[in-house]
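J.: Fold the stuff below for me.
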Amino acid sequence: MKILLGSNSPRRKELLQNLGFAFEVVSINCDEIYPENLEVEKIASFLSELKANAFRKIEKDEILLTADTVVTFENKVLGKPKNREEAVEMLQHLSGKTHQVYTGISFKTSENIITKTDVAEVEFDEISNEEIDFYIKNYQPFDKAGSYGIQEWLGMAKISRINGSFYTIMGLPTHLVYKTFKELNL
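T.: Down below sits the predicted model:
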C-alpha cells in the first residue's frame, strides 16, 4: 500500500518517518471550518475527516492519512495566533493552568474513512510576561495551535505535567497511527 500524508506539517512528517513508514506528502486545500455548535472534543476529528473528504478519490493501493490538532482551554478552542498580541494573550491564559489538546486522525481508503481522536491534558507552571516575550521573539509560534510547541523551549521549561501522549500534543498520536496501520495490514 502506498501511504499518502495529507499534511504540510514538518512535525507530522518527522513523526511518521520516525515510525518507519515510507510515504508521500500531498497537499489538501480545504477551508477548515466546523459548525459553531460542535463540541470541542469532536472538532479535531471533524476537521481531520473534512480534509480526507476534500482529497481526490483514493486508489485501491493507496491510503491517505490526515490529521488536525485543536488546543482547548475552558471549553474554548485556541487556534493559531493571528499576531503577537493574540499569542501573548493565549499564553497568559494557559499560564499556571491545565488545558486539553485533541488530535484527530483519519485514514481514507478506496472503501471508507476511519477516524480516531486522542486527547492529552497539559499543565503549565506560571509563565512570566518576560518568559512569554522571550518565547514569542525566539520561536515565533504563529503556526501552532495554542501559541506553543511542546517540543520547543516553552514546553521544556514550563510544562509541569502531561496526562496522555506527548506526540498527540505534537500533532500526531503515533501510537494510534501505528496501531491503525497494523490493523489495516500495513
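
J.: just checking, what packs against the top helix by length along the chain?
T.: In the chain, taking DSSP state H as the definition, the longest helix is helix 40-54. Secondary-structure packing of helix 40-54 (3 or more Cβ pairs under 8 Å, 6 or more residues apart in numbering; DSSP states H and E): strand 62-73, strand 76-78, strand 98-108, strand 113-124. In this view, the C-beta of every residue, glycine as well, is placed from N, C-alpha and C.

J.: Reformat those as CSV; add mean neighbour count, distance to residue 177 and mean pLDDT.
T.: Converted to CSV, the helices and strands packed on helix 40-54 look like this (neighbours: other Cβ atoms under 10 Å; distance: least, Cβ to Cβ, whole Å; pLDDT from 0 to 100):
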stretch, mean neighbour count, distance to residue 177, mean pLDDT
strand 62-73, 23, 7, 97
strand 76-78, 16, 23, 95
strand 98-108, 24, 6, 98
strand 113-124, 18, 9, 98
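
J.: a markdown table please, covering those and showing distance to residue 147.
T.: Output for the helices and strands packed on helix 40-54, formatted as a markdown table (distance: least, Cβ to Cβ, whole Å):
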| stretch | distance to residue 147 |
| --- | --- |
| strand 62-73 | 8 |
| strand 76-78 | 7 |
| strand 98-108 | 11 |
| strand 113-124 | 11 |
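
J.: Of these, which is nearest residue 31?
T.: When the helices and strands packed on helix 40-54 are ranked by distance to residue 31, counting by Cβ to Cβ, first place goes to strand 62-73 at 12.7 Å.

J.: how far does the closest one sit from the chain's center?
T.: Using Cα atoms, centre = their mean, to the nearest Å, the distance from the centre of strand 62-73 to the centre of the chain it belongs to is 6 Å.

J.: Kindly report the same for stretch 114-134.
T.: The answer for stretch 114-134 is 12 Å, by Cα atoms, centre = their mean.

J.: Please apply the same query to stretch 113-128.
T.: For stretch 113-128, the distance to the chain centre is 9 Å (Cα atoms, centre = their mean).

J.: can you check stretch 164-175 too?
T.: 8 Å.

J.: contacting residues around it?
T.: With contacts defined as Cβ atoms under 8 Å, 6 or more residues apart in numbering, stretch 164-175 is touched by 9, 11-12, 15-16, 18-19, 67, 69, 101-103, 105, 116, 118-122, 149-151, 162.

J.: if you set the cut-off to 7 Å instead, what comes out?
T.: 9, 11-12, 15-16, 19, 67, 69, 101, 103, 105, 118-122, 150-151, 162 (Cβ atoms under 7 Å, 6 or more residues apart in numbering).

J.: pLDDT averaged over that stretch, what's the number?
T.: Regarding stretch 164-175, the rounded mean pLDDT is 97.

J.: Okay, buried residues for that stretch please.
T.: Using 16 or more other Cβ atoms under 10 Å as the test for burial, stretch 164-175 gives 164, 165, 167, 168, 169, 170, 171, 172, 173, 174.
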